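Would you be able to build a 3D model of this:
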Amino acid sequence: MHAVEFDLDGLTIRLETGQLATRAHGAVMVRCGLAAALATVVRAPGEPGLDYLPLAVDYRERQAAAGRIPGNYLRRETRQAEHEILISRLIDRSARPLFAGDLTDRVQVTVTLYSDDPSVDRATLALLAAGAALHISPLPFAGPLAGARVTRTENGTLTLARGGDGQYAQDLLLSGTEAGLVMVEGFAALVADAALIETVDHTVSALAPALDAMQHLRAAVGLGAREAQALKRDAAPPAPDAAIAEALRAPTRAARQAALAALPQAAEPGFAARVAQTLRAELHAGRRPGGRRPDQVRPIDAVCGVLPSNHGSAVFTRGDTQALVSATIGSQRDGQDLETLDGHTRRRFLLHYNFPAFSVGEVGPNRGPGRRELGHGELARRALRPALPSRSEYAYPLRVVSDILSADGSSSMATVCGATLALRHAGVPLRADIAGVAMGALRRGSDWLILTDISGDEDHQGDLDFKVTGTADAVSAFQLDNKAGAVPLAVLTEALAAAQVARAHILAEMGPALTAAVEAPSDHAPRTRTVHVPSDRVGALIGTGGKHLQSIQSKTGTRLDVSDDGTVVIQGPDDEALAAAARLVSAVSLELRKGGVYRGEVTQTKDFGAFVRVGPHEALVHKSELVASGSPDPATVVSPGDAVTVRVLGADSRGRLKLSIKAALGADPSEILNDGPEASAP
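Predicted coordinates:
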């Protein structure tokens, strides 16, 4: 066995090879504290005629790693959980641009977490294990590759490779080689560009010990230094085809496709490759399809309220990319329960992204979401999270669904814009409006050309795809993928600056629709209100078998969620229903005082008087206390269900309350200490 150790921000990390999974073409166990993850790499011949790398990456966690038995019926690990898929994507996006450009063999990278340490970040272990296994394999790979999670607190403290979830000013996962940054995905609490660049720069530098350790591990197993790998893109593409270049300048995607199809050479073999080469050559010359400037955003259209019965809805269109987005306000029981190695957690904001085949004019099966859909949905969800009101301000679970109706690049960013519109239309009090834009870049020798709002073709032919979300002046999320190996930090800085200008433009274009949504939210969006009762009165509010709670809901047409701490979340069709339910809920905690005047409800009559309920209290009004004089038959004066005003006379020797209608006659309305007849408990 061969092993090396290195320090990463105070954590001792050990890489081992030669003892486990010896038939794999590369295998490394990474250990840190109690955590241990094994990465394996296997290569097999590819199918004849392939022109791409069929790379498969799978990250899995064993529940035994945290001393747990899976909670499903089979009591074994089944399909990948969403967070496992997202970590698999991180590894794939880090490794893919570092393989030789002509490699078409099947490559499988498997990372399994066998032992867990909650204080160590699992994604960091997975990235390090995969990078080390690839580096000691015989594959043509421009390693070593290392990666880590980095968090920054509000006071500026940076921490690498630590586990645990929390609310950080910045939370990034990035990877790099000795040449620089390869991949980054991050989320932030609306921070400035400069703060992000500083964090990325610090982390790339901090990966140096990991990269050095991987070089030593490769030498220990008897492998020499790696040769430089050919890039997947030529820095200087072949000369463009003049006719194809002219067709690419048509103003719309449909017109460009028609112009290309009409060319005589369209039926010749290799035409698609010549179109791709010409497009890249045109981009290198600064000429974009349709004649756009490098910093120009495609035309935008934003409309709210397109789905009449939804809580909130919007259509956001940018160029040929279109997202139909709906927002639904749920009750407390509608949050999503998640089971991870950390235990059970509950998510109150859900965002689901769907990408049907018809959105790109293709025929395809309608199955569940794939890795791409999950990744785009998670990026959009995390992008919007800083704009959501706090739980104390707005305790209701939210679900956003984005259906991509037409796609030509940047559909995840269209989802972010559409979600902001739909949430506003649903009446959600967002802290800020969030927009997103996809930036691109092409390497031209030592220079890079930055492109704003890239289309699908530009994404395919470019060297970099950088998605950025946030307000007009602050970032909430970003994701960098590239095809050109390491990316200079200066390119990231320039792309962030251009993205800020683009976001300001997009938000301005969205402005009229946002204003209309705030001023006239959907009539179908439920109104919400939160009230509190003492925790010791929760049982009284719910009642035996839930009857009291059900009675309030049926009487007011609302839905109530009650927490053990006395927080009551009310949803209803209008403000009047909310107010009525709130009065009934608050009545449960009403304390009566001697001499006080209250509104109540007659519950029953007897020969000797009438019983009246005031809040949670029910007491007798003796027939001598019903009217100004005399003692009439109570049934001739009041009936069950009548609203009456009573004064508390005190209590008898047995502690039973004594009420009087007579003593409350002539009381000023300002004396009444509860809100009205609805405040009586049912």
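
Who are the contact partners of the residue nearest the centre of the chain?
If you average the C-alpha coordinates of the chain and look for the closest C-alpha using CA atoms, centre = their mean, you land on Arg381, 1.9 Å from that point. Going by CB atoms under 8 Å, 6 or more residues apart in numbering, Arg381 touches Phe349, Leu350, Leu351, Val400. Placement of C-beta: from N, CA and C, glycine included.

Tell me the most packed of those residues, by neighbour count.
With neighbours defined as other CB atoms under 10 Å, the most crowded of the contacts of Arg381 is Val400; it has 27 neighbours.

Can you check the pLDDT for it?
At Val400, the pLDDT value in this model is 97.

Leu207 now?
97.

Can you name the residues bridging to the closest residue to it other than its chain neighbours?
In this structure, Leu207 finds its nearest non-sequential neighbour in Ala146, 4.5 Å apart by CB to CB, 6 or more residues apart in numbering. Residues found in beta-bridge contact with Ala146 (criterion: DSSP bridges) are Gly176.

Check the spacing between Ala146 and Leu307 real quick.
According to CB to CB, to the nearest Å, Ala146 stands 47 Å off from Leu307.

Just confirm Tyr507 is within a helix.
No Tyr there; residue 507 is Leu. Yes - note on Leu507: a helix contains this position according to DSSP: H, G, I helix; E, B strand; the rest coil.

show me what contacts the residue nearest to Leu207?
Residues in contact with Ala146 (CB under 8 Å, 6+ apart) are Leu127, Leu128, Gly131, Ser175, Gly176, Thr177, Leu207, Ala210, Leu211, Met214.

Switch those over to JSON lines; also include distance to Pro240 and neighbour count.
Listed next are those as JSON lines, based on distance: CB to CB, whole Å; neighbours: other CB atoms under 10 Å:
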{"residue": "Leu127", "distance to Pro240": "39", "neighbour count": "33"}
{"residue": "Leu128", "distance to Pro240": "43", "neighbour count": "31"}
{"residue": "Gly131", "distance to Pro240": "38", "neighbour count": "32"}
{"residue": "Ser175", "distance to Pro240": "34", "neighbour count": "26"}
{"residue": "Gly176", "distance to Pro240": "34", "neighbour count": "28"}
{"residue": "Thr177", "distance to Pro240": "32", "neighbour count": "23"}
{"residue": "Leu207", "distance to Pro240": "39", "neighbour count": "25"}
{"residue": "Ala210", "distance to Pro240": "42", "neighbour count": "27"}
{"residue": "Leu211", "distance to Pro240": "39", "neighbour count": "19"}
{"residue": "Met214", "distance to Pro240": "41", "neighbour count": "27"}
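
Out of these, which comes closest to Val588?
Within the set of the contacts of Ala146, Leu127 lies nearest Val588; the separation is 53.2 Å, counting by CB to CB.

Now name the helix or strand holding that closest one.
Assigned by DSSP states H and E, Leu127 belongs to helix 122-135.

distance between that helix and the chain's centre?
Relative to the mean C-alpha coordinate of its chain, helix 122-135 is positioned 25 Å out (CA atoms, centre = their mean, to the nearest Å).

Rounded mean pLDDT for that helix, please.
When pLDDT is averaged along helix 122-135, the result is 98.

Output it in CSV with nothing but the alpha carbons.
Extracted in CSV, the C-alpha atoms of helix 122-135 (Å, rounded to 0.1, in the frame of the first residue of the first chain):
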residue,chain,number,x,y,z
ARG,A,122,-18.5,15.0,2.2
ALA,A,123,-18.4,16.7,-1.2
THR,A,124,-14.7,17.7,-0.5
LEU,A,125,-13.9,14.1,0.3
ALA,A,126,-15.5,13.0,-3.0
LEU,A,127,-13.7,15.5,-5.1
LEU,A,128,-10.3,14.7,-3.5
ALA,A,129,-10.9,10.9,-3.9
ALA,A,130,-12.0,11.2,-7.5
GLY,A,131,-9.2,13.5,-8.4
ALA,A,132,-6.5,11.3,-6.8
ALA,A,133,-7.9,8.1,-8.4
LEU,A,134,-7.9,9.7,-11.9
HIS,A,135,-4.4,11.0,-11.4
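
Which of the residues in the biggest strand by length in the chain are classified as buried?
As far as residue count goes, and with DSSP state E defining each element, the longest strand of the chain is strand 180-191. Residues of strand 180-191 classed as buried under the neighbour-count rule (16 or more other CB atoms under 10 Å) are Leu181, Val182, Met183, Val184, Glu185, Gly186, Phe187, Ala188, Ala189, Leu190, Val191.
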